[in-house]
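Q: Build me a model:
(chains A, B, C and D)
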Number of protein chains: 2
Amino acid sequence: MTPDTALLNAAAVVLARNPGAPLADIAAEAGIGRATLHRRYATRTDLLRALALESLEQTEQVLAPLLTGDTRGADRLAAVADALVPLGARFHFLMSEIAIYDDPEVSGAYEAHLTRLGSLIESLKADDALAPDVPTAWGVIALDALVWGAWSAVEEGYLARRDAPVLVTRTLLTGLSPSP
Amino acid sequence: MTPDTALLNAAAVVLARNPGAPLADIAAEAGIGRATLHRRYATRTDLLRALALESLEQTEQVLAPLLTGDTRGADRLAAVADALVPLGARFHFLMSEIAIYDDPEVSGAYEAHLTRLGSLIESLKADDALAPDVPTAWGVIALDALVWGAWSAVEEGYLARRDAPVLVTRTLLTGLSPSP
DNA sequence: TTCAATTGAAATAAAGTTGTCTCATGTCTC
DNA sequence: GAGACATGAGACAACTTTATTTCAATTGAA
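A: Below is the predicted model of the structure:
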């Protein structure tokens, strides 16, 4: 029930570098002992499950105000990119650790996440920021892929941290906008 | 020395679903026994290494004619997307299995791959298909990310196989093109 | 200070994976 | 058909990781 954000952050970082890293590595990154890690999450599966759910919840909390707020169109997309790129480690985890979707709660939360992103894409279409004939699914996928790409490029030193969200927005926006 | 494309294909498919899958799963997917797998690749590391090198080589063979051919601009990018999306499983592997880059031959081939993609982006800029102020690194990253995203979307049933390369091209092209 | 709770370190058993080996079976050539 | 060859199945030891347990040290509150 405890959030344990610091511990889960450490897990996300380690697992982004090495999916399947031993629990010892995660404990070390978090600065705690292996035994203590087991006291908070009994099994490896429990830890991955918690990380998945917390990652999706973080995304939701970041996205919710942007979906109900009054910024629209390009500005809304820019705000979303700003908020999402720093969460790249969590995205990476969600995409590489497929076993977590065996859990019905996790897969339910993931479906909800996709639905939420779908609504965002639809709202951008309604604002004439995206072309109406672009499949919503592709909008979601492209956003996901570019956010993840931008994040890992920053991690590996190919891209400046501040440039990343701008490039994501520019690529998506001008890329999918209706021709003038 | 044998290509063993079928076996490596099976490995790529299994590892795309589950990075760190046991060799038994790979052998089963390839329809051979575990012992036979070991006869062809003595260790797991040998197999991953071969898969990485062969994946990069396949990409090179696919890209080479497109880089020297006479199609330019948007058509060239479309041809690249057509050729690359089906190789998505290999991309996924190259991006998730970080340990392979310990091998100097693999990391050298990967650098060459990035350089090749960089040349492609530059040639598209020269053709006025992409805006000159777009960082070449971002062009490479976005292409990589969108190809991978399109491939996995097809795999998971979110996208029609024939639509995928078109959407990649459209997203990148109209997305990064100079404003008219 | 004293007591209870939490922690890290270490030992341990259990489980899974890897790599080696043997052997029986099937295939191919001669 | 005989013999050479490759294969799959299975047994096996070595290794790694997981999960549990114990114990001494640390922390915090009464």
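
Q: Could I get the pLDDT score of A:Ser177?
A: Listed pLDDT for A:Ser177 reads 54.

Q: Show residues contacting the longest helix along chain A.
A: Ranked by residue count, the top helix of chain A under DSSP state H comes out as helix A:44-68. With C-beta atoms under 8 Å, 6 or more residues apart in numbering or on different chains as the test, helix A:44-68 has contacts from A:3-5, A:8, A:11-12, A:15, A:23, A:26, A:37, A:41, A:76, A:79-80, A:83-84, A:87, A:90-91, A:93-94, A:97, A:99-100, A:103, A:105-106, A:109-110, A:112-113, A:116-117, A:119-120, A:123. The way it works is simple: take the backbone N, C-alpha and C, and place the C-beta from them, glycine included.

Q: Tell me if that helix is near DNA strand D.
A: Yes - contact of helix A:44-68 with DNA strand D (C-beta under 7 Å from any atom of the strand) involves A:44-45.

Q: Give the buried residues for that helix.
A: A:47-56, A:59, A:62-63, A:66 (16 or more other C-beta atoms under 10 Å in any protein chain shown).

Q: closest to chain B among those?
A: A:Leu48 (12.8 Å; C-beta to the nearest C-beta).

Q: quick one: that closest one and A:Asp103, what's the gap?
A: Here A:Leu48 is placed at a distance of 9 Å from A:Asp103 (C-beta to C-beta, to the nearest Å).

Q: in chain A, which spans are helices?
A: Counting by DSSP H, the helices of chain A are A:5-17, A:23-30, A:34-40, A:44-68, A:73-84, A:88-96, A:104-126, A:136-155, A:163-176.

Q: So which residues on chain A come close to DNA strand C?
A: A:31-36, A:39.

Q: pLDDT weak spots in chain A?
A: Counting by pLDDT under 70, the ranges of chain A that qualify are A:1-3, A:175-180.

Q: can I assume A:Asp82 is in contact with A:Pro165?
A: Yes - A:Asp82 is within contact range of A:Pro165, at 4.6 Å (criterion: C-beta atoms under 8 Å).

Q: ok, the two, which is more surrounded?
A: A:Pro165 (24 against 17; other C-beta atoms under 10 Å in any protein chain shown).

Q: quick one: the nearest residue to that one once chain neighbours are set aside from chain B, how far?
A: Spatial nearest neighbour of A:Pro165, chain neighbours left out: A:Ala81 (4.0 Å); criterion: C-beta to C-beta, 6 or more residues apart in numbering or on different chains. Relative to chain B, A:Ala81 is positioned 13 Å away (C-beta to the nearest C-beta, to the nearest Å).

Q: Just to check, A:Ala81 is in contact with A:Trp151?
A: No - judged on C-beta under 8 Å, A:Ala81 makes no contact with A:Trp151 at a distance of 10.8 Å.

Q: between those two, who's got more neighbours?
A: A:Trp151 (26 against 23).

Q: Isn't A:Ile32 up against A:Leu7?
A: Yes - applying C-beta under 8 Å, one finds A:Ile32 in contact with A:Leu7, separated by 7.3 Å.

Q: Those two: which is more packed in?
A: Shown here are A:Ile32 and A:Leu7; by other C-beta under 10 Å, A:Leu7 has more neighbours (23 against 16).

Q: Relative to chain B, how far out is that one?
A: Noted for A:Leu7: a distance of 22 Å to chain B, by C-beta to the nearest C-beta.

Q: before we move on, what about A:Arg34?
A: From A:Arg34 to chain B the distance is 20 Å (C-beta to the nearest C-beta).

Q: Tally up the residues packed near that residue, please.
A: Residues near A:Arg34, counting by other C-beta under 10 Å: 14.

Q: tell me the contacts of it?
A: Residues in contact with A:Arg34, defined by C-beta under 8 Å, 6+ apart, are A:23-24, A:27.

Q: Narrow the contacts of helix A:44-68 to those that are buried.
A: A:4, A:8, A:11-12, A:15, A:23, A:26, A:37, A:41, A:76, A:79-80, A:83-84, A:87, A:90-91, A:93-94, A:97, A:100, A:103, A:106, A:109-110, A:113, A:116-117, A:120, A:123.

Q: Which ones among those also lie next to DNA strand D?
A: A:Leu23.

Q: May I see the buried residues of stretch A:10-24?
A: A:10-16, A:19, A:21, A:23.

Q: contacting residues around that stretch?
A: Counting contacts by C-beta under 8 Å, 6+ apart, the residues outside stretch A:10-24 that touch it are A:25-26, A:29-31, A:34, A:37-38, A:44, A:47, A:51, A:55, A:89-90, A:92-93, A:96-97, A:155, B:19-20, B:96, B:98-99.

Q: got it, and stretch A:74-91?
A: A:9, A:12-13, A:16, A:51, A:55, A:58-59, A:62-63, A:66, A:69, A:71, A:120, A:123-124, A:127, A:129, A:143-144, A:147-148, A:150-152, A:154-155, A:164-166, A:168-169, A:172-173.
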